[in-house]
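K.L.:
sequence and predicted model, in that order:
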Amino acid sequence: MSSLAEGGIGALASGDPLPRGELAGPAMDCDGLDCPAAVTLDGVAFRFGRREILDGVDLRVRAGESVAVMGTSGSGKSTLLSLVVGLLRPVSGSVQVLDADLAGLRASRLARFRRRHLGVVFQSGELLPALTAVENTAMPLLLDGASWPVASRTATELLDELGIAQDSQSIPAADLSGGERQRTALARAIVTGAELILADEPTGALDGAARDNVADLLFGLPLDRGCALLVVTHDPAIAARAGRVLALAGGALRPVALAQ
Ligand SMILES: Nc1ncnc2c1ncn2[C@@H]1O[C@H](COP(=O)(O)OP(=O)(O)OP(=O)(O)O)[C@@H](O)[C@H]1O
Ligand SMILES: [Mg+2]
């Protein structure tokens with residue numbers, strides 16, 4: 001993995017004077033089952049109308065761990081992430097994220113919780129189209145109170161690391177290529193040192209070196225920072241980079257072993 005000024009992407013979570021999510025920190029000094037759970041789903045069921053999408057899903061993702069979820073198109077992968085983010089509420093079961101039971105949070109608390117603790121890359125990679133890649137990436141830092149010089153420098157370093165050409169960094173996001181938009185959305189999700197990163201098809205628009213570069217960075221985060229990572233992907237080569245791989249089918253999650 002290429003490096004930021006000091007110590008690669010981990011520097012984003014530990015370097016001074018960069019402001020960061022209050023619970024973000026260096027790699028956890030815990031081992032496997034001792035690490036705190038970042039996501040706990042217990043018996044989660046969800047329907048769109050009468051259509052059952054999830055049927056009693058249990059899932060636990062711990063700090064320092066990466067988990068990939070695979071499944072055919074329409075199996076409910078994005079729905080699962082929306083439940084973890086609190087954009088959807090389950091019909092039954094509970095969704096615990098870090099130390100919060102999402103059912104107990106009102107909309108304003110939930111929005112603040114998300115901004116402070118979660119980094120989310122949506123499948124559609126929403127960016128503010130009139131803002132540049134640097135401005136989009138710097139936005140969470142500015143909302144956290146960083147000055148523009150600090151936020152823009154940090155954003156630029158991260159976009160450089162993700163292989164986005166300098167010329168592309170300063171044009172409106174609406175004019176970026178699909179792959180550049182995807183990488184910018186990833187940069188924005190990880191720039192604050194979130195404790196939980198959720199990524200929906202983060203390499204879907206990438207191939208070759210760009211895909212490998214993004215995967216190196218993404219799957220390095222739990223090791224470098226001790227955050228938890230939950231990735232949805234169609235790509236077995238990307239899923240194989242995760243510590244655990246789960247398949248979503250028929251509304252249920254089950255572990256899978258990928259052929260090496
Ligand atoms: N707002 C909605 N109202 C009704 N049905 C919906 C809604 N959003 C999604 N669905 C349906 O729920 C199912 C699961 O959708 P979801 O987006 O979670 O699938 P996915 O596994 O992420 O698929 P893909 O791999 O294509 O992204 C799909 O069949 C979809 O048509
Ligand atoms: Mg999806």
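P.N.:
Thanks, I have the structure now. Numbers count the residues shown, from 1 in each chain. Ligands and ions are numbered 1, 2, ... in the order given.

K.L.:
which single residue in this structure comes nearest to ligand 2?
P.N.:
Residue nearest to ligand 2 within the chain: Ser78 (3.2 Å; C-beta to the ion). C-beta here means a position set from N, CA and C on the backbone, and glycine is covered the same way.

K.L.:
got the contact list for that residue?
P.N.:
Listed by C-beta atoms under 8 Å, 6 or more residues apart in numbering, the contact partners of Ser78 are Gln123, Asp200, Val232.

K.L.:
who wins for neighbours among the residues you listed?
P.N.:
The most crowded member of those, judged by other C-beta atoms under 10 Å, is Val232 (26 neighbours).

K.L.:
run through the bridge partners of it.
P.N.:
Beta-bridge partners recorded for Val232 (DSSP bridges): Val69, Asp200.

K.L.:
mind listing the helices for this structure?
P.N.:
Ranges of helices within the chain are 10-14, 77-85, 107-117, 133-143, 148-161, 166-169, 178-190, 208-225, 236-239, based on DSSP state H.

K.L.:
could I get the buried residue list for the longest one?
P.N.:
Along helix 208-225, these residues count as buried under the neighbour rule (16 or more other C-beta atoms under 10 Å): 210-211, 213-215, 217-225.

K.L.:
what does stretch 191-206 give?
P.N.:
By neighbour count with 16+ other C-beta under 10 Å, stretch 191-206 contains the buried residues 191-206.

K.L.:
what's the answer for stretch 249-257, then?
P.N.:
Residues of stretch 249-257 classed as buried by neighbour count (16+ other C-beta under 10 Å): Gly251, Leu253.

K.L.:
any part of that stretch near ligand 1?
P.N.:
No - counting by C-beta under 6 Å from any ligand atom, ligand 1 has no neighbours in stretch 249-257; the shortest distance is 10.0 Å.

K.L.:
my guess is Ala240 contacts Leu258. True?
P.N.:
Yes - applying C-beta atoms under 8 Å, one finds Ala240 in contact with Leu258, separated by 4.8 Å.

K.L.:
other residues contacting stretch 171-190?
P.N.:
Residues outside stretch 171-190 that contact it (C-beta under 8 Å, 6+ apart) are 9, 12, 119-122, 125-133, 136-137, 139-140, 155, 158-159, 162-164, 168, 197-199, 202-206, 210, 214, 217-218, 221.

K.L.:
apply 6 Å and report the result again.
P.N.:
The set of residues external to stretch 171-190 that reach it, using C-beta atoms under 6 Å, 6 or more residues apart in numbering, is 119-121, 125, 127, 129-131, 133, 136-137, 158-159, 162, 164, 168, 202, 205-206, 210.

K.L.:
selection in ChimeraX covering whichever of those residues are buried, please.
P.N.:
Selecting just the buried residues from those in ChimeraX takes one command, with 16+ other C-beta under 10 Å as the test:
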select :119,120,121,125,127,131,133,136,137,158,159,162,164,168,202,205,206,210
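
K.L.:
filter the contacts of stretch 171-190 down to the ones near ligand 2?
P.N.:
The overlap between those and the neighbours of ligand 2 (C-beta under 5 Å from the ion) is empty.

K.L.:
enumerate the residues of the protein near ligand 1.
P.N.:
The chain comes close to ligand 1 at residues Phe48, Ile53, Gly71, Ser73, Gly74, Ser75, Gly76, Lys77, Ser78, Thr79, Gln123, as judged by C-beta under 6 Å from any ligand atom.

K.L.:
mind checking how far the residue of the chain positioned farthest from its centre is from Leu88?
P.N.:
Ranking residues of the chain by C-alpha distance from their mean position (C-alpha atoms, centre = their mean) puts Arg50 at the top, at 29.8 Å. Distance, Arg50 to Leu88, using C-beta to C-beta, to the nearest Å: 16 Å.

K.L.:
quick one: low-confidence parts of the stretch 151-260 of the chain?
P.N.:
Applying pLDDT under 70 to the predicted model, the residue ranges of the stretch 151-260 of the chain that meet it are 259-260.
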